[in-house]
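Asker: curious how this folds, go ahead:
(one chain, ligands or ions: 1)
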Amino acid sequence: MTFASVAAAIFTVFILIKFLRRSRVSNLPPGMNLTLSTLLPFSFLLYLWIDSEMCGGVAVPGFPLIGNLLQLKDKKPHQTFMKWAQIYGPIYTIKTGASTMVVLNSTGVAKEAMVAKYSSISNRKLSKALTLLTSNKRMVAMSDYGEFHKMVKRYIMTSLLGANAQKQNCGIRETLINNVVKYLYSDLKDNPNDVVNLRKPFQAELFRLAMKQALNLEPESIYVEELGKEFSKEEIFNVLVVDPMMGAIEVDWRDFFPYLRWVPNRTFEIRLKRMLTRRAAVMQVLITKRKNSRQSEEEISCYLDFLLSQSTLSDEEIMSLVWEAVIEASDTTLVTTEWAMFELSKNPNKQERLYREIQQVCGSEKVTDEHLSRLPYLTCVFHETLRRHSPVPIVPLRYAHEDTQIGGFNVLAGSEIAINLYGCNMDKTQWDEPDEWKPERFIDSKYEQMDMYKTMAFGAGKRICAGSLQASLIACTAIGRFVQEFEWRLKEGEEANVVTVQLTNLKLEPMLAYIKPRSTNDSCL
Ligand code: HEM
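Answerer: Here you go, the predicted structure:
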């Protein structure tokens, strides 16, 4: 379609030149000579017009061939998309090199796409880096909708993320939160006048939980023979979580110009290959370690055991699925909890309100899963954080595999679809003062308290997040416990420190805050 529109534009310009020459209008006023420079903008406008007619939605002006790529070079596309939505409306098209992308920015059109039009846009569009990282879509989150997706989604829900599995993992979650609180008390004891960095213990504990659930392992270190090196716990975390997160946003310019795929891009290939080799070698050692420590093939005490017992998957698929469970559990829950604690530390009145609610409901008991349904303000804090700091700002790209319509516009087969959840959650027409973090906005009869999907943060429809229950149980209980144990105050100057990094809106710099124990009694730990 792109080539068709470019070809149509070039053809039209060509005819136009002929026509102008024939009718001797080349005798134009000075400065208006019929040169390429006068024709180029004209042909470009024509190209945009033709393209938007063919694809639907307003086309955001860009440049010939590269389209809007230059305007997206700052790696924060969700913010740029939202700015464009304010000019061009909630649905528009852009050009990323040779591809056309339809961008959706309001809850209305996003829901229509994810729920009603799902069957037309259920396939993923992956970059070269993501294709390699996901072993060519052999993951729940990155697979195309079909038999493989249905099977592995069922596996992950049954053994790991569904309500029953989460009930069984309640002890692991409680240990996580207790360990973080213990760390904070001990840090405070050693450095009474210093700020604490919540991310440090929380990230380490989330990773511990992820490894326990996925592989039933808690290794301090492992020796990876293939790489000839001992890997500490922190290095394993880097290889399995940090490096792939950064790798996922690696840009290979050939993704935008498939017809140039034959041109080598050595730096990209070497970097990606190194990352994949290290990840595969570390995963292999972990999987072997777990297999060797199983008492029998009947023992099922983690996700890996469950997948092995199904005998339906190749070794590569098992590796990819287990790694998926580790990386997904380690990241977005941290992002949400850290932003919630940032906002509460910045807003003492809202923190006080939450503390009072916890006091009333829990009294001398520590906040646990059991209390959550009776802590409505805590739920509001969680949802408002998901809205204001969308941990997944853009749903992993899909593409239309058949012609369809979204928001009244034609979307042609082959178009990429970007669902900008950040744009939906910051939409001025839907949210009053969207830039403000106001948990109170959810205390409204139109929101059911336990509704997990008050915002679009977890997506919608058939591909809705499989881990929303785990994320909300961990984040809500952790936020509740942190406020129950300590009074939090943001470090001076931290308010402005809101720059993010990665695909998942992680705060670039960890949040730093002063904490003060609410009571002198920390003996219930
Ligand atoms: C606050 C935390 C989280 C947020 C905001 C979040 C958000 C999302 C979003 C937006 C999607 C894509 C939906 C789509 O494609 O339409 C997704 C998919 C998914 N998430 Fe989460 N997620 C979170 C936590 C987790 C956790 C903790 C896990 C697992 C441990 C997880 C596992 C998954 C899986 C497996 C999918 C794929 C579902 C499918 O394709 O059917 N997520 N998540």
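
Asker: spatially central, which residue of this structure would that be?
Answerer: Nearest residue to the geometric centre of the chain (C-alpha atoms, centre = their mean): V392, 2.8 Å.

Asker: pLDDT at it, what is it?
Answerer: Note for V392: predicted pLDDT of 95.

Asker: was I right to think it contacts V335?
Answerer: No: in this structure V392 lies outside contact range of V335 using C-beta atoms under 8 Å: 9.0 Å. All C-beta atoms are positioned from the backbone trio N, CA, C, and that covers glycine.

Asker: spit out the residues that contact those two alike.
Answerer: Jointly contacting V392 and V335 under the rule C-beta atoms under 8 Å, 6 or more residues apart in numbering are T504, N505.

Asker: how about the residues of the stretch 401-525 of the chain that lie near the ligand?
Answerer: A457, F458, G459, R463, I464, C465, A466, G467, Q470, A471 (C-beta under 6 Å from any ligand atom).

Asker: any idea which element the nearest residue to the second one once chain neighbours are set aside lies in?
Answerer: With C-beta to C-beta, 6 or more residues apart in numbering as the criterion, F458 has its nearest non-adjacent residue at 3.9 Å, and that residue is C465. Assigned by DSSP states H and E, C465 falls within no helix or strand.

Asker: so which bits of the stretch 1-150 of the chain are right by the ligand?
Answerer: The stretch 1-150 of the chain comes close to the ligand at residues M114, V140, A141, as judged by C-beta under 6 Å from any ligand atom.

Asker: where does the stretch 301-450 of the chain have low pLDDT?
Answerer: Low-confidence segments of the stretch 301-450 of the chain (pLDDT under 70): none present.

Asker: what about the strands in it?
Answerer: 398-399, 404-406, 409-411, 416-419 (DSSP state E, counting those that start in this stretch).

Asker: and the stretch 1-150 of the chain, by the same measure?
Answerer: Under DSSP E, counting those that start in this stretch, the stretch 1-150 of the chain gives strands at 58-59, 91-96, 99-104, 123-124.

Asker: quick one on the thing from earlier: out of the residues of the stretch 401-525 of the chain next to the ligand, which are inside helices?
Answerer: Q470, A471 (DSSP state H).

Asker: who wins for neighbours among the residues of the stretch 401-525 of the chain next to the ligand?
Answerer: Per-residue neighbour counts (other C-beta atoms under 10 Å) across these peak at A457, which has 27 neighbours.

Asker: count the residues that sit near L209.
Answerer: Residues near L209, counting by other C-beta under 10 Å: 23.

Asker: which parts of the host helix or strand of it are buried?
Answerer: For L209, the host element (DSSP H and E) is helix 199-215. Within helix 199-215, the residues scored as buried using 16 or more other C-beta atoms under 10 Å are 199, 201-215.

Asker: and the two most separated of the residues of the stretch 401-525 of the chain next to the ligand?
Answerer: R463 and Q470 (16.9 Å; C-beta to C-beta).

Asker: ok, and the closest non-adjacent residue to the residue of the chain found nearest the ligand?
Answerer: Closest residue of the chain to the ligand, C-beta to the nearest ligand atom: G467 (2.0 Å). Spatial nearest neighbour of G467, excluding adjacent residues (C-beta to C-beta, 6+ apart): L161 at 5.2 Å.

Asker: what is the neighbour count of the one you found?
Answerer: For L161, the neighbour count with other C-beta under 10 Å is 25.

Asker: is it in contact with L473, as I believe?
Answerer: No: with contact defined as C-beta under 8 Å, L161 does not count as touching L473 (10.6 Å).

Asker: find the residues that touch each one of these two.
Answerer: With C-beta under 8 Å, 6+ apart, L161 and L473 have no common neighbours.

Asker: run through the residues that contact L508.
Answerer: By C-beta under 8 Å, 6+ apart, L508 lies in contact with N497, V499, T500, V501.

Asker: which ones among these are found in helices?
Answerer: Among those, no member falls in helices (DSSP H).

Asker: which of the residues you listed are buried? Put it as a ChimeraX command.
Answerer: Here is the ChimeraX command that selects only those of those that count as buried (16+ other C-beta under 10 Å):
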select :500
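
Asker: how far does the helix or strand encompassing Y155 sit from the chain's center?
Answerer: Secondary structure from DSSP H and E places Y155 in helix 147-156. Offset of helix 147-156 from its chain centre (C-alpha atoms, centre = their mean, to the nearest Å): 20 Å.

Asker: for it, name the packing helices and strands.
Answerer: Under the contact criterion of 3 or more C-beta pairs under 8 Å, 6 or more residues apart in numbering; DSSP states H and E, helix 147-156 touches helix 303-310, helix 315-346.

Asker: can you rerun that using 7 Å?
Answerer: Helix 147-156 sits against helix 303-310, with contacts defined as 3 or more C-beta pairs under 7 Å, 6 or more residues apart in numbering; DSSP states H and E.

Asker: the helix it packs on: how far from the chain's middle?
Answerer: Counting by C-alpha atoms, centre = their mean, helix 303-310 comes out at 26 Å from the chain centroid.

Asker: kindly report the same for stretch 404-418.
Answerer: Counting by C-alpha atoms, centre = their mean, stretch 404-418 comes out at 22 Å from the chain centroid.

Asker: can I get the strands of the stretch 301-450 of the chain in a markdown table including mean neighbour count?
Answerer: Compiled in a markdown table, the strands of the stretch 301-450 of the chain are given as follows (neighbours: other C-beta atoms under 10 Å):
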| stretch | mean neighbour count |
| --- | --- |
| strand 398-399 | 23 |
| strand 404-406 | 19 |
| strand 409-411 | 20 |
| strand 416-419 | 23 |
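
Asker: so which of these is nearest A129?
Answerer: Closest to A129 of those, according to C-beta to C-beta: strand 416-419, at 15.8 Å.

Asker: alpha carbons only: can I get that closest one in CSV?
Answerer: This file holds the C-alpha atoms of strand 416-419, laid out as CSV (Å, rounded to 0.1, in the frame of the first residue of the first chain):
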residue,chain,number,x,y,z
GLU,A,416,0.6,-1.7,12.1
ILE,A,417,-1.6,-0.8,15.1
ALA,A,418,-0.1,1.1,18.1
ILE,A,419,-2.4,1.3,21.1
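
Asker: list the contacts for P434?
Answerer: When contacts are counted by C-beta atoms under 7 Å, 6 or more residues apart in numbering, P434 touches M426, D427, K428.

Asker: for it, give me phi and psi.
Answerer: Backbone torsions of P434, given as degrees, to the nearest 10, read phi -60, psi -30.

Asker: hang on, E384 packs against E440?
Answerer: No: contact criterion C-beta atoms under 7 Å: E384 and E440 do not qualify, at 8.4 Å.

Asker: these two: which has the busier surroundings?
Answerer: E384 (24 against 12).

Asker: setting aside sequence neighbours, what's the nearest residue to that one?
Answerer: By the measure of C-beta to C-beta, 6+ apart, the closest residue to E384 outside its immediate chain neighbours is P439, 4.3 Å from it.

Asker: count residues in the vicinity of that neighbour, would you?
Answerer: Residues lying near P439 (other C-beta under 10 Å) number 25.

Asker: pretty sure it sits against V381.
Answerer: Yes: P439 lies in contact with V381 (C-beta under 7 Å); the separation is 4.7 Å.

Asker: got the contact list for stretch 282-298?
Answerer: If you take C-beta under 7 Å, 6+ apart as the criterion, stretch 282-298 is touched by 215-217, 222, 224, 231, 236, 239-240, 304-305, 319, 322-323.

Asker: in PyMOL, how would I select the buried members of those residues?
Answerer: The buried subset of the contacts of stretch 282-298, as determined by 16+ other C-beta under 10 Å, is captured in PyMOL by this line:
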select buried, resi 215+216+217+222+224+231+236+239+240+304+305+319+322+323
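
Asker: could you dump the contacts of stretch 282-298 to JSON lines with distance to the ligand?
Answerer: Rendered in JSON lines, the data for the contacts of stretch 282-298 read as follows (distance: C-beta to the nearest ligand atom, whole Å):
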{"residue": "L215", "distance to the ligand": "13"}
{"residue": "N216", "distance to the ligand": "15"}
{"residue": "L217", "distance to the ligand": "16"}
{"residue": "I222", "distance to the ligand": "22"}
{"residue": "V224", "distance to the ligand": "25"}
{"residue": "F231", "distance to the ligand": "22"}
{"residue": "I236", "distance to the ligand": "17"}
{"residue": "V239", "distance to the ligand": "18"}
{"residue": "L240", "distance to the ligand": "13"}
{"residue": "L304", "distance to the ligand": "14"}
{"residue": "D305", "distance to the ligand": "17"}
{"residue": "M319", "distance to the ligand": "16"}
{"residue": "V322", "distance to the ligand": "12"}
{"residue": "W323", "distance to the ligand": "12"}
